[in-house]
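> structural data only, the sequence is not supplied:
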């Protein structure tokens, strides 16, 4: 199980921007809640640690894909709330298209039988 979890975290690292943008397309939210939503929506398969999340949020904000503002939470704590920008929404569409293309290609490879090599293959 530990090996599977490590692989999941490696995959997550490469797709974290996409996951954050997707979660923020649902509604603006603060960092801890973003991580919770990713875990909840993925049925506890994906987990984002704070050491990966906040640098990604900062990078997305610098790129103009998300905006951040300070607000007071229900528990009366100051929290930085992140929201998707119009540029971020367009980027999410591009990233989603790219991700679907990638996963489709992987799926094709996984389903390939011996005849996938074609004529003249060794």
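Now that the structure is in, tell me what you want to look at. This structure is a prediction, so every number in the text was calculated from the model and none was measured. Numbers count the residues shown, from 1 in each chain.
> pretty sure residue 24 sits against residue 34.
Yes. Look at residue 24 against residue 34 with Cβ atoms under 8 Å: they come within range, at 7.1 Å. To be clear about C-beta, it is placed using only N, CA and C from the backbone, and glycine gets the same treatment.
> looking at the two, which one has more neighbours?
residue 24 (25 against 21; other Cβ atoms under 10 Å).
> re the thing from before, give me the common contacts of residue 24 and residue 34.
Common neighbours of residue 24 and residue 34, counting by Cβ atoms under 8 Å, 6 or more residues apart in numbering, are residue 82.
> for this protein, what helix or strand is lowest in average pLDDT?
Lowest mean confidence among the helices and strands of the chain (mean pLDDT, DSSP states H and E): helix 2-26, at a mean of 74.
> who does the next helix or strand after that one pair up with?
Going down the chain from helix 2-26, the next helix or strand is strand 29-30, by DSSP states H and E. Next to strand 29-30 in the sheet, as set by DSSP bridges, lie strand 78-84 (antiparallel).
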